[in-house]
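Visitor: okay, predicted coordinates and the sequence, questions at the end:
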Amino acid sequence: MIRIKQLVLLLLVALTISSCVNKAQKEDILVYSNPLPVQFGDPYVLLASDGLYYMYGTGGGAVDGFCVYSSPDMVNWKAEGQVFRGNVPGSWGVANFWAPEVYERNGKFYMLYSADWKENPTNELENFRIGVAVADKPTGPFKELSDKPLFDPGYPVIDGNLVDDGNGRTYMYFSRCCYKHPVESEIAEQARKEGKFNEIEESWIYGIEVKPDLTDVIGEPVLILRPPVKLDDTQSEWESRSVTTGEVNRRWTEGPYTLKKGDTYYMMYSANYFGGKNYAVGYATSKNPLGSFTKSSDNPVLQKNVEQGGIVTGTGHNSVTWSKDGKQMYCVYHGRTQETGDERVVFIDKMGIDDNGRLYVEGPTTTPQKK
């Protein structure tokens with residue numbers, strides 16, 4: 001009888017331990033669905049040294065500046081309010097605050113952002129430049145480093161993005177706007193023949209070295225990426241959809257996000273009209289931070305899925321973040337769905353770089369995802 005009681009007791013203990021383990025495992029599995037309840041364009045996620053994720057973006061209710069959300073797990077997000085405001089006395093930027101990115105460097109947090117420069121003697125309709133603001137915390141308040149932009153190339157620029165080469169040098173990538181930048185190509189010639197557009201303006205990505213303290217640039221901008229010139233270019237079809245569908249007389253190469261793996265630089269970029277359904281993401285690679293870069297034959301790696309029965313369009317201007325153990329990469333981007341209409345909302349999907357150096361994104365998804 002005693003032995004039977006002991007066996008029963010051991011069985012109860014085992015069942016209790018198994019139940020606790022199963023409960024713990026279930027609690028560790030976080031599930032989310034896209035799109036997230038965040039109305040940002042151009043989302044950027046920073047995993048800070050305090051162990052929290054911080055998401056910055058364009059819009060989201062901010063007035064002349066930017067808001068931020070925080071999260072311990074990239075599933076549950078908390079609105080932290082506005083962390084930067086421009087268009088105040090001493091500001092260089094006065095309107096159209098776009099595409100913030102925040103970097104933790106030497107105990108400080110530096111924000112790169114785009115805005116309309118108040119110095120506009122010729123009354124240009126697009127007068128964007130890139131500036132830097134700094135804060136002691138990721139939740140701000142961020143204050144401008146200077147009363148002028150980081151640099152003035154003589155044409156409107158947006159979408160600043162930084163990468164460190166691992167040897168103490170920092171590089172910035174940015175997009176020259178399409179504004180007053182007509183470019184001849186076989187695509188432009190075809191558009192004229194078809195009666196769609198008389199000219200095609202283009203946005204190009206450039207790179208330039210910057211001082212480590214982000215107070216100035218070093219040297220002159222170097223052209224990194226541009227839309228294809230020839231119709232038979234393998235990238236031409238997907239990068240020209242806004243033109244070939246008659247949507248708009250512009251081709252974009254914008255929203256650069258660059259990461260380094262091993263000795264290779266991976267630059268993700270967005271093409272097509274940012275306000276339309278054809279916005280999509282490709283990538284290019286190089287062994288040097290200022291190129292030359294070669295576009296991947298796998299492009300686009302992220303695009304609309306309505307032709308496959310999905311509901312997502314306008315996927316683009318992405319950033320990349322990692323799990324806290326550094327093992328899983330995530331692509332953070334904005335898009336639209338049939339339910340959200342023209343409002344840009346945030347998506348997060350797993351991504352990676354395989355053993356052959358091929359970058360891929362497992363999206364866009366709208367079904368429940370395990371983090």
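Guide: Nice, I can see it.
Visitor: would you map the helices across the chain?
Guide: Ranges of helices in the chain, per DSSP state H, are 2-28, 186-193, 236-239, 241-244.
Visitor: what sits against residue 157?
Guide: Going by C-beta atoms under 8 Å, 6 or more residues apart in numbering, residue 157 touches 114, 128, 129, 130, 174, 175, 176, 177, 206. C-betas here are computed from N, CA, C, even on glycine.
Visitor: tell me the bridge partners for the fifth one.
Guide: The reference is to residue 174. Under the criterion DSSP bridges, residue 174 forms beta bridges with residue 206.
Visitor: now it: how far from residue 161?
Guide: Distance of residue 174 to residue 161, given as C-beta to C-beta, to the nearest Å: 7 Å.
Visitor: that older thread, okay if I get the contacts of residue 157 as CSV plus pLDDT, neighbour count and distance to residue 136?
Guide: Output for those, formatted as CSV (pLDDT from 0 to 100; neighbours: other C-beta atoms under 10 Å; distance: C-beta to C-beta, whole Å):
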residue, pLDDT, neighbour count, distance to residue 136
114, 98, 26, 23
128, 98, 25, 28
129, 98, 25, 25
130, 98, 26, 22
174, 98, 28, 26
175, 98, 29, 30
176, 98, 23, 33
177, 98, 23, 33
206, 98, 20, 31
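Visitor: nearest to residue 249, of those residues?
Guide: residue 177 (14.0 Å; C-beta to C-beta).
Visitor: name the nearest residue to the closest one, ignoring sequence neighbours.
Guide: Distances taken as C-beta to C-beta, 6 or more residues apart in numbering place residue 156 nearest to residue 177, at 4.1 Å, with adjacent residues excluded.
Visitor: what about that neighbour, distance to residue 96?
Guide: From residue 156 to residue 96 the distance is 10 Å (C-beta to C-beta).
Visitor: the more surrounded of those two?
Guide: The neighbour comparison of residue 156 against residue 96 (other C-beta atoms under 10 Å) goes to residue 156, with 22 against 15.
Visitor: now that one. Its backbone dihedrals?
Guide: The phi/psi pair for residue 156 (degrees, to the nearest 10) reads phi -70, psi 140.
Visitor: need the contact list for it.
Guide: Listed by C-beta under 8 Å, 6+ apart, the contact set of residue 156 reads 124, 126, 127, 128, 129, 176, 177, 179.
Visitor: ok, those residues vs residue 49, which is closest?
Guide: Once C-beta to C-beta is applied, the member of the contacts of residue 156 that ends up nearest residue 49 is residue 129, at 29.7 Å.
Visitor: identify the residue nearest residue 305 in space, chain neighbours excluded?
Guide: For residue 305, ignoring the flanking residues on the chain, the nearest one in space by C-beta to C-beta, 6+ apart is residue 312 at 5.2 Å.
Visitor: could you measure from the most centrally placed residue in the chain over to residue 34?
Guide: Centroid-nearest residue in the chain: residue 318, 2.5 Å away (criterion: C-alpha atoms, centre = their mean). Distance of residue 318 to residue 34, given as C-beta to C-beta: 13 Å.
Visitor: ends of stretch 341-360, how far apart?
Guide: Taking C-alpha to C-alpha, to the nearest Å, stretch 341-360 runs 27 Å from one end to the other.
Visitor: sort out which residues of it are buried, please.
Guide: Buried positions in stretch 341-360, judged by neighbour count with 16 or more other C-beta atoms under 10 Å: 344, 345, 346, 347, 348, 349, 350, 351, 353, 359, 360.
Visitor: from the chain's centre, how far out is it? Work that out for me.
Guide: Its chain's C-alpha centre and that of stretch 341-360 lie 10 Å apart, by C-alpha atoms, centre = their mean, to the nearest Å.
Visitor: hmm, back to that, ok, the residue nearest to residue 305 - contacts?
Guide: With contacts defined as C-beta under 8 Å, 6+ apart, residue 312 is in contact with 34, 304, 305, 306, 335, 336, 337, 347, 364, 366.
Visitor: adding pLDDT, write those out as JSON lines.
Guide: JSON lines is the format used below for these (pLDDT from 0 to 100):
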{"residue": "34", "pLDDT": "97"}
{"residue": "304", "pLDDT": "98"}
{"residue": "305", "pLDDT": "97"}
{"residue": "306", "pLDDT": "96"}
{"residue": "335", "pLDDT": "98"}
{"residue": "336", "pLDDT": "97"}
{"residue": "337", "pLDDT": "95"}
{"residue": "347", "pLDDT": "98"}
{"residue": "364", "pLDDT": "98"}
{"residue": "366", "pLDDT": "97"}
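Visitor: filter these down to the buried ones.
Guide: Burial by neighbour count, 16+ other C-beta under 10 Å: within the contacts of residue 312 this picks out 34, 304, 305, 335, 336, 337, 347, 364, 366.
Visitor: low-confidence ranges in this protein?
Guide: In the predicted model, the chain carries pLDDT under 70 at residues 1-28.
Visitor: the lengthiest strand in it packs against which elements?
Guide: Criterion DSSP state E: the longest strand present in the chain is strand 93-105. The contact analysis (3 or more C-beta pairs under 8 Å, 6 or more residues apart in numbering; DSSP states H and E) places strand 93-105 against strand 40-47, strand 53-59, strand 65-71, strand 108-117, strand 128-135, strand 157-164.
Visitor: what comes up buried for the longest one?
Guide: Within strand 108-117, the residues that qualify as buried are 109, 110, 111, 112, 113, 114, 115, 116, 117, counting by 16+ other C-beta under 10 Å.
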